[in-house]
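Undergrad: what shape does this take:
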Amino acid sequence: MKAHRVSTTGDTPISSSNTGTDNNTTSSLHHHPALSFYRTPPIGDISISELDTICKARLALLQSIDRKLTNYERDNNNNSGGSTAAADNNTDIHGFCSREAGNIVMSIPSCLTSKHHQGSSSSSSVGKLSFEDDNDITSHFMLRLAFCRSPELSNWFIKCEELLLQCILHYYGQSALNKALQQTGVSNLINRVVGDTDMLPQHPTGDGRTPLVDMLRKATLGCNGGHQQPQQSSTTTTTFYEIPFMYCSPHLIARRAVVIIGGMAYIPDTQLSSLLCKTYREELREHLRVALQERAVFMNDPRIATIVQQMHPTYRPSNGNSMDNLPDSEKLSLDNFNLLLERSFPPCMRNLIEQMRQKKTHLKHRGRQQLPPFLRAAGLNMDDSLRWFKTEFTRDQSIDPDKFDRHYSYDIKWVYGKVGRMKPAQALSCSTILGFEYPTAQQIHGCPFK
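TA: I've put the predicted structure just below:
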C-alpha cells in the first residue's frame, strides 16, 4: 500500500545552545525513527488477510501497553501505601517510559514497521525503525474505525496510542524528540530556552536578581535542588523551555512538574514530550470524531466490517479470554477477590456484589447473566467461581449447598464452556447492560448510574 510519507529531514535541535542528550546509553547508537502522526490516510492496495494481520498486531501491541501501565500504577500504589498516580489520574508518564520504553519499542511487531533487529545483539547493529511505514499507517486508521464508536473506546485508543508515541520518543532520546517537534510544527509553540543569565521577573515572590533557572530547578518536581524523586541524580542538569500557559498539559500542572510565572509555563526537558503528545492527543480526538461520521461508509464493505467489528480492548488473537496472557499472580482469585473488588471492579459489578451481600439474597436471571461472565473474563477459574458463588448464594436462607449444586452450578459451568454449547461466555458490554430492564425489588442487575 502506498501512503503519504511525512518528511523527517532536518536534525536541527530546538535551540542551538541545547542539542540535548539521549535518554539512555544506547539510544544514541540507534537511527532516529521515521515517525508518522497519521494526518493523511493511506492509499493503494492491500490484501484482506494482510489487513487483518496488521490490525490484530497493532491491537495486541496496544493491549500490551495498557497491561504494562496497569502494572506500573499498581506497583506505584504498593510503594506509596495507596496514594497513587492511578488514583488521581495523573500517572507519572516519564517514570513509566523510563521503565517500559525499551520493552515496548522492541516488542513492536515487524509487520507494522521496517525494523530489523535480527543478527547481532549489540547496540551498534540495531537497525532502523520506520513508524511512517505503510502498514503502521493503515493499521492505525483501521483501528480508528473500530474505536471511534463510543467515548470509552476512543479514550482507551487515544491513551494507548499516546503512550506508544511517548515510549518511542523516550527510547530514542532528546534529538529524536527535537526532530518530531519540528516535523509537527509544535516547536513553534516554544518561546525560548531559559538561559543561565535569565533573572527571575519582578513579581510578589521575586526580586529580579535571582537566576530564573535556579528557582525553576528548586521548584520543579524531580529536578535537582527540590522535590527529588527516587533514582534521580542530584547532579542532573535540567534545561527549561518557556511556553504559553495555554499549551501546557494539565497533568503536568497537577503533578507540579512545571512552574507558572506571568502566564508562562516553564517545562523541563524531561517533560518536553508532553507538549508534542498533547497536540497529538487533541488531533487524534478530532480525527476519531471525523471517523465516527464517516464510519458507515466503510462499514458498508463487509470485508472491512468483519475486521473492524472484532477489534475491541478485550480482543485476544488466541481465544476469547482476555486474561489468558497474564500470569496467574495477576488474575482474579479467591485470595485477592475482596481486594480487587474494592480497588478495580467496575461500579456495576461491585454494586451487584455489595447489594447481594447486604440483602443476603441470590442473583436472579439477569444478575447471573451479568456477573459470572465478568468473573471468568477477569481470570477467576471455574472451581474458584463455583466455590465463590456457593458461598455467596447460600447466604440466602432459601438456598442450601445441595440446592445450589442442583439449580445453579450448571449455569456457572455453562459460562466456562464446560456444558451445553461448550463455548465460554463473553463478558457483557456496557451497552448490553444498559439495555437491561430496570430491576425490581427482588432483582440486582444493570448499571447503577442508569
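Undergrad: run a quick neighbour tally on the residue lying closest to M264 once chain neighbours are set aside.
TA: Closest residue to M264 apart from its sequence neighbours, by Cβ to Cβ, 6 or more residues apart in numbering: E242 at 5.2 Å. Heads up, the C-betas are built off the backbone N, CA and C, glycines and all. Using other Cβ atoms under 10 Å, E242 is surrounded by 17 other residues.
Undergrad: what is E242 paired to in the beta sheet?
TA: R192, Y266 (DSSP bridges).
Undergrad: just confirm it contacts Y266, I think it does.
TA: Yes - with contacts counted by Cβ atoms under 8 Å, E242 reaches Y266, the gap being 5.7 Å.
Undergrad: and the residue lying closest to N191 once chain neighbours are set aside, how close does it get to P250?
TA: Once flanking residues are discounted, N191 sits nearest to E242: 4.5 Å by Cβ to Cβ, 6+ apart. Using Cβ to Cβ, to the nearest Å, E242 is found at 18 Å from P250.
Undergrad: now do M142
TA: Counting by Cβ to Cβ, the gap from M142 to P250 is 30 Å.
Undergrad: least confident secondary structure element in this structure?
TA: Lowest by mean pLDDT, DSSP states H and E among the helices and strands of the chain is strand 130-131, with a mean of 58.
Undergrad: now the helices for the stretch 1-150 of the chain?
TA: Secondary structure of the stretch 1-150 of the chain, counting by DSSP state H, counting those that start in this stretch: helices at 48-79, 93-106, 134-147.
Undergrad: which one of these lies closest to G367?
TA: For G367, the closest of the helices of the stretch 1-150 of the chain is helix 48-79, at 27.1 Å, according to Cβ to Cβ.
Undergrad: packing partners for that closest one?
TA: Helix 48-79 sits against helix 93-106, helix 134-147, helix 151-172, helix 302-309, with contacts defined as 3 or more Cβ pairs under 8 Å, 6 or more residues apart in numbering; DSSP states H and E.
Undergrad: send the alpha carbons of the helix or strand just after the shortest one over as CSV?
TA: This points to helix 302-309. As assigned by DSSP states H and E, the chain's next helix or strand after helix 302-309 is helix 337-343. Listed next in CSV are the C-alpha coordinates belonging to helix 337-343 (Å, rounded to 0.1, in the frame of the first residue of the first chain):
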residue,chain,number,x,y,z
PHE,A,337,-11.1,-11.2,45.3
ASN,A,338,-12.1,-8.7,48.1
LEU,A,339,-9.0,-6.5,47.5
LEU,A,340,-9.7,-6.2,43.8
LEU,A,341,-13.4,-5.8,44.5
GLU,A,342,-12.7,-2.6,46.3
ARG,A,343,-9.9,-1.4,44.1
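Undergrad: quick check: which ranges of the stretch 101-250 of the chain have low pLDDT?
TA: For the stretch 101-250 of the chain, applying pLDDT under 70 flags the ranges 114-132, 193-211, 213, 217, 219-237.
Undergrad: run the last query once more with 50
TA: 115-128, 204, 206, 224-235 (pLDDT under 50).
Undergrad: next: the stretch 301-450 of the chain.
TA: If you take pLDDT under 50 as the line, the stretch 301-450 of the chain has these spans: 315-321.
Undergrad: domain ranges for the protein?
TA: If you go by automatic domain parsing, the domain ranges for the chain are 27-186+275-309, 192-271, 332-434.
Undergrad: okay, those domains in JSON lines with distance to I444 next?
TA: Shown next, in JSON lines, are those (distance: least, Cβ to Cβ, whole Å):
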{"stretch": "domain 27-186+275-309", "distance to I444": "23"}
{"stretch": "domain 192-271", "distance to I444": "37"}
{"stretch": "domain 332-434", "distance to I444": "5"}
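Undergrad: out of the ones you listed, which is closest to Q443?
TA: Per Cβ to Cβ, nearest to Q443 of these: domain 332-434, 4.9 Å.
Undergrad: just the endpoints, please. Distance across the closest one?
TA: By Cα to Cα, to the nearest Å, the extent of domain 332-434 from end to end equals 25 Å.
Undergrad: now do stretch 418-431
TA: Per Cα to Cα, the first residue of stretch 418-431 is 27 Å away from its last.
Undergrad: now do the buried residues in it.
TA: 424-428 (16 or more other Cβ atoms under 10 Å).
Undergrad: just put these in TSV and tack on secondary structure and distance to I54.
TA: Output for those, formatted as TSV (DSSP: H, G, I helix; E, B strand; the rest coil; distance: Cβ to Cβ, whole Å):
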residue	secondary structure	distance to I54
P424	coil	27
A425	coil	29
Q426	coil	24
A427	coil	26
L428	coil	29
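Undergrad: for these, which one is nearest H312?
TA: The closest of the buried residues of stretch 418-431, once distances to H312 are taken by Cβ to Cβ, is Q426, at 9.9 Å.
Undergrad: can you tell me how far the closest one sits from Q310?
TA: In terms of Cβ to Cβ, Q426 sits 12 Å off from Q310.
Undergrad: now do L163
TA: Where Q310 is concerned, L163 sits at a distance of 23 Å (Cβ to Cβ).
Undergrad: please list all residues in contact with I158.
TA: Residues in contact with I158 (Cβ atoms under 8 Å, 6 or more residues apart in numbering) are 281, 284-285, 288.
Undergrad: same deal with W156?
TA: Per Cβ under 8 Å, 6+ apart, neighbours of W156: 66, 147, 313.
Undergrad: now the buried members of those.
TA: 147, 313.
Undergrad: just the buried members of the contacts of I158?
TA: Buried among the contacts of I158 by 16+ other Cβ under 10 Å: 281, 284, 288.
Undergrad: grab the nearest non-local neighbour of the residue nearest to the spatial centre of the chain.
TA: The residue lying closest to the centre of the chain (Cα atoms, centre = their mean) is C160, at 3.5 Å. Computed as Cβ to Cβ, 6+ apart, the closest residue to C160 that is not its neighbour in sequence is L62, at 3.9 Å.
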